[in-house]
Structures are given as structure tokens and as C-alpha cells.
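In: Any chance you could fold what I've pasted below:
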Amino acid sequence: MPEPEQQSAATTPRHQEIGIAIIGDGYAAATMLIQLDERGVDPERVTVFGDTPPENIPNENVSLGSGKAYGTANPNYRLNVRADLMKLRPDDAEFSRWAETEIDDGDAATHAGDFYRRCDFARFTAETLTKCASSGGWGKVRSRVTRLTPDSDGGWRVMTADGGHYQAGMVVLATGNPDGNPSFTLDPPARDRLEDQPWKGVWDRTLKGDERIAIIGGGLTAMDILTTLFRHGHDGKVDLITPGGMLPPMQANWPKADEITPDGRVTTAHRLLRLWRANLPDDDWETPQWQSAFEGLRACLPTIWHHLPRQERIRAGYRLSRHWQLARFRASPQTVAAARAMLNSGQLELHSGRVEAMTATDQHAHLTLTNGQIMLADRVMMATGAGRDPLVQQCHDDGLLPRAMQGVEVDHDFQVYDHHWRPTQGLYAFGPPTAFSRGDVLGAGSIAKEASALADRLSDRLSVRMGEALR
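Out: Numbering: from 1, shown residues only. Model prediction:
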């Protein structure tokens, strides 16, 4: 059994038969729990696996459903989309309505909509979960899953970092985005100057006003870091290193667009690029019209992407990746304003390139770029995005998944393909781990939509399994 301080009334004992094991305890897991609850699935048949601390051991803003995206108490970390697009259920703007009465945030309103703090969405998620009929009935295993092994009867053995072993009829990979890993050579002494988990938002507690900061990466996490530095009145030099030498564009107040329906089936990367060019206007890409057209393209991408042959997905990703990432992951007006103020004052300098190695002396960290340039910093912030999921990597190493894949590939029913490219019985995945298979499934609305579709399949299959057990 887990140690006493790790237990709660809903903690699942080891070796207990589990109907549905949800691997992950962040946003994706929360949407799945809500959808299963709405379908009347018995909560005693569902267990969530993750590192969320027990209710009696509070840890900042971390709670079931918060995950890396929202599990921070840092008030400078804001949502990068407006409130009406943040969803736990498909096509329901309940967060926007909740925020009107439950959030006191005078800085949220902008010309592009209301952009609230990430920690406030975590509060909303926690409150929504408590209102579910199944609240408190789900099993919880507060340990990371390290291995999955199929059983002869079509079920799964789930093994955890604390030595636990569990039996599950079905397993859902809802692991979200894994931590980023340094892609550069890192000498051991340099680790003391590297902040590799800035998404937690606690690094600023030890911030010194004159520190020279180097940020590796130029996405939304980097924008959160810049906003925090700006709001703290930090006066040290800030160097930001990113391959394109650019920061994300600002969100526009774009009107909802109709999903674009391609003429004919898009089966090649070339046809996808033609669709892109044909449907995007010549306006500046920060205008509402341009973003509205882009959002119409984005809505149809999962269907198109899923039907592209694997080699064509690789080609399309190579051609579109950098431009798609910049157009897709836009920043809130508040964070863009902070970054532009730092650029205009000369405090922030953008560098186009990649870090090859990081070393350190007693005085500074030394960053060597691929172009040979060496930069000095007192503190280095790694904001390079998601890395490799250790559980998915273990499944690859064990031969459960195709070795050529970095993530997880699924069929139209979200069943994971095995190493023979056949659907694996009882193993499902949705959200970020399936991005190569299903395209742009990273936003809250997309994940909620996929959770709803997958919940239909899980509840149906659970009913079938229970019926077979009663015969």
C-alpha cells in the first residue's frame, strides 16, 4: 500500500482490477473524467494515475486537472487564448461565464478579448470536477506510470514508479505535453544555472534585479518568462535565442470562422500547402481577418492530417512546421506588450540560432551557439517546448509501438497502433501524444472534442466487458 501520507479516501489499492486507467492527471485527464461522468460510467471503475499531491498536502496551485499548462500560481502567466475558447466540454463557453463572477482580474480585458491567468483556469477546472456526480469516487494513484504490459485476456498491467502493479481492462494515455529536455551538451557544473522547468513559475522568487538572463526558445513559455521579468521591474540584460529569431504574434479579436471544406481529398503535402495558400488572405497575419481564415484551416486539419500517408505528414511537417507554429501559438496582448516594451528599451535582444553546448564557471554560464557565437548569462531559462514522454519512449523500447514513431499513432477510434501497425486492443490515446497522427490536437477546444468522442467508445466498451463478465 502507499505510504500513509500519500493515501486519500479514493486511493486505489495495488492489484485491484481497474475498468479504465487514465494515465495523466492534467487537463486532458480532467476532460476525460467529465465526459465519462456525463455518460454515467461508474466512478469506481475509473482510476487516474499521476503525480498530483494529495488534498491534505497542498502544493501551490497544483490540483487534479491543472497539469503543466495551468499548475502555476504565478499571476504573470496568462492564457494565450481568450476566455470563450477555453473549454472543458466541447462547444460550451462555461469558463467565460464563470469568470465574470469568480475572477477579480483588472488586467484581463484587452482589445482581443479577455485573457485570464492560467491559475484561474486551474481553479475553474477543479471546481468543475467537484460538481461531477462522480466527484471523489474516482480512484487515484499518486505515482508516475513507468511501464505498460499487455495481458493475454486483452487487458493491461500498469506499473508505477513506487513499485505498484495494477490490472486494467482499458488504458487511456492522457499524458499531455512532457517536460522539455536539453538538446545541447550540458556540463554538470552548468546545471546549477539552468532552469529547466520554468512552467512552474516559481523561479522568480530567487530573481536578482541585475542578473543577465538567457532564454532558450521563443514560444509561449518564453513569453511568460519575459512578462514576469517585465512585471518584476528586472533591469538586467535579457538574451533570447530561437531558430527563427522571432517571437509569437499577438492574438487578434477574430470572428468565428466556418470550417474550410477542401475540394477533393487532400492526400499529399503539396495539396495541403496549396490549400493553405488558397485560403489565407494577403493581409498582415495579425489582423482579425487573417487569423479567422487560419482558424478555419486549423479546424479541418485533424481530419486532413489523419488521412495523409505517414511520409506525406513528414513532408508537410518539414515544410509547414515553423510557420504553422508561429501562426498557431499566438500570445496574449498582455505578454506581447511586455516583450515589445523590453525590445524597444534595448533590454531584450533576439538572437537567431540554436544552442550547441552549455558550460559554466564560478562567474557565468557560457552558451555556445551553432554559429560559433558564445554568450554569457547568470541564469539560463530553457523554454524549448515539449520533449519525449518517458512512458511513450518505454513503450517504444519494449516493442509495443512502432520504433519509427516519436509519439503515438492512433486509428479513427483512438486505438493505439502496435509495432505491426495494427490497433492495440484496450490501449487508447488522445491529445498531444497523438499529434503526428491527428494533427493540431493541442488546444483546449480540440482536446475536449476528442475526449468526448473517445468517452463514447470507452463507455460502450466498458458496458460490453461488464456484460461478458456476467455471463
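
In: Show me what the lowest-mean-pLDDT helix or strand in the chain is packed against.
Out: None of the helices or strands of the chain scores lower by mean pLDDT, DSSP states H and E than helix 444-470, at a mean of 80. Judged by 3 or more Cβ pairs under 8 Å, 6 or more residues apart in numbering; DSSP states H and E, helix 444-470 is in contact with strand 17-23, helix 27-38, strand 165-173, strand 423-429. C-beta: built from backbone N, CA, C; applies to glycine.

In: mind running it again at 6 Å?
Out: helix 27-38 (3 or more Cβ pairs under 6 Å, 6 or more residues apart in numbering; DSSP states H and E).

In: Heading C-terminal from the helix it packs on, find the next helix or strand.
Out: strand 46-49 (DSSP states H and E).

In: who touches the very next helix or strand once past that next one?
Out: Using DSSP H and E, the helix or strand that follows strand 46-49 in sequence is helix 67-70. With Cβ atoms under 6 Å, 6 or more residues apart in numbering as the test, helix 67-70 has contacts from 26, 27, 118, 121, 122, 176, 199.

In: Report the contact partners of the last one.
Out: Spelled out, that is residue 199. Contacts of residue 199 (Cβ under 6 Å, 6+ apart): 68, 221.

In: what's it sitting at in phi/psi?
Out: phi -60, psi -20 (degrees, to the nearest 10).

In: The fifth one too?
Out: With angles defined as degrees, to the nearest 10, residue 122 shows backbone torsions of phi -60, psi -40.

In: That one against residue 66, yeah?
Out: Yes - Residue 122 is within contact range of residue 66, at 4.0 Å (criterion: Cβ atoms under 6 Å).

In: ok so, going back, mind listing what's buried in the least confident helix or strand of the chain?
Out: The neighbour-count check on helix 444-470 (16 or more other Cβ atoms under 10 Å) flags 444-452, 454-455, 458-459, 461-462, 465 as buried.

In: And the residues you listed, which is closest to residue 154?
Out: Within these, proximity to residue 154 (Cβ to Cβ) peaks at residue 465, which comes in at 8.7 Å.

In: Residue 337 and residue 112, how far apart?
Out: 11 Å (Cβ to Cβ, to the nearest Å).

In: The two - which one has more neighbours?
Out: Higher neighbour count among residue 337 and residue 112: residue 112, with 20 against 15, using other Cβ atoms under 10 Å.

In: just checking, that one touches residue 334?
Out: No - contact criterion Cβ under 6 Å: residue 112 and residue 334 do not qualify, at 10.1 Å.

In: Would you mind listing where the stretch 51-200 of the chain has pLDDT under the threshold?
Out: Along the stretch 51-200 of the chain, the parts satisfying pLDDT under 70 run over 52-62, 134-136.

In: show me where it has strands.
Out: 109-110, 113-114, 139-141, 145-150, 156-160, 165-173, 185-186, 194-195 (DSSP state E, counting those that start in this stretch).

In: and if you look at the stretch 201-350 of the chain?
Out: 213-216, 238-242, 348-352.

In: Who are the packing partners of the shortest one?
Out: Secondary-structure packing of strand 213-216 (3+ Cβ pairs under 6 Å, 6+ apart): strand 238-242, strand 379-382.

In: Which among the ones you listed is found nearest to residue 363?
Out: With Cβ to Cβ as the criterion, residue 363 lies closest to strand 379-382 of the helices and strands packed on strand 213-216, at 12.6 Å.

In: Alpha carbons of that closest one, in PDB - could you do that?
Out: The C-alpha atoms that make up strand 379-382 are tabulated as PDB, following Å, rounded to 0.1, in the frame of the first residue of the first chain:
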ATOM      1  CA  ARG A 379      20.800  32.300 -15.300                       C
ATOM      2  CA  VAL A 380      19.600  30.300 -18.300                       C
ATOM      3  CA  MET A 381      15.900  29.600 -18.800                       C
ATOM      4  CA  MET A 382      15.000  26.600 -21.000                       C
END
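
In: Direction included, what does it pair against?
Out: Under the criterion DSSP bridges, strand 379-382 sits next to strand 194-195 (parallel), strand 213-216 (parallel) in its sheet.

In: deepest of these, which one?
Out: strand 213-216 (a mean of 25; mean count of other Cβ atoms under 10 Å).

In: Quick one: mean pLDDT over that strand.
Out: Per-residue pLDDT values over strand 213-216 give a mean of 96.

In: And the contacts of that strand?
Out: 222, 225, 238-241, 355, 367, 377, 379-384.

In: now do stretch 293-304
Out: Stretch 293-304 is contacted by residues 257, 259, 260, 266, 279, 280, 281, 327, 438, 439, 440, 441 when judged by Cβ under 6 Å, 6+ apart.

In: and the fourth one, how many neighbours does it have?
Out: Think residue 266. 22.

In: swap in the third one?
Out: Residue 260 sits with 19 neighbouring residues when counted by other Cβ under 10 Å.

In: Now it: phi and psi?
Out: The phi/psi pair for residue 260 (degrees, to the nearest 10) reads phi -70, psi 130.

In: What sits closest to it if chain neighbours are left out?
Out: In this structure, residue 260 finds its nearest non-sequential neighbour in residue 296, 4.6 Å apart by Cβ to Cβ, 6 or more residues apart in numbering.

In: Now do the same contact list for residue 381.
Out: Taking Cβ under 6 Å, 6+ apart, we find residue 381 in contact with 195, 198, 215, 225.

In: On the pLDDT front, check it for me.
Out: pLDDT at residue 381 comes out at 96.

In: so what's it bridging to?
Out: residue 195, residue 215.

In: now do residue 159
Out: Here residue 159 sits in beta bridges with residue 147, residue 165, going by DSSP bridges.

In: roughly how far apart are it and residue 415?
Out: 21 Å.

In: Which of the two has more residues huddled nearby?
Out: Counted by other Cβ under 10 Å, residue 159 and residue 415 do not tie: residue 415 has more neighbours, with 19 against 16.

In: Thought residue 423 was touching the more buried one, still the case?
Out: Yes - under the criterion of Cβ under 6 Å, residue 415 makes contact with residue 423 at 3.9 Å.

In: quick one on the thing from earlier: narrow the contacts of stretch 293-304 to just the buried residues.
Out: If we count by 16+ other Cβ under 10 Å, these have these buried: 257, 260, 266, 280, 327, 438, 439, 440, 441.

In: which residue ends up closest to the midpoint of this protein in space?
Out: The C-alpha lying nearest the average C-alpha coordinate of the chain belongs to residue 177 (Cα atoms, centre = their mean; 4.0 Å).

In: Report the two of the contacts of stretch 293-304 separated the most.
Out: 281 and 438 (26.8 Å).

In: picking up where we left off before, nearest to residue 171 among the contacts of strand 213-216?
Out: residue 384 (29.1 Å).
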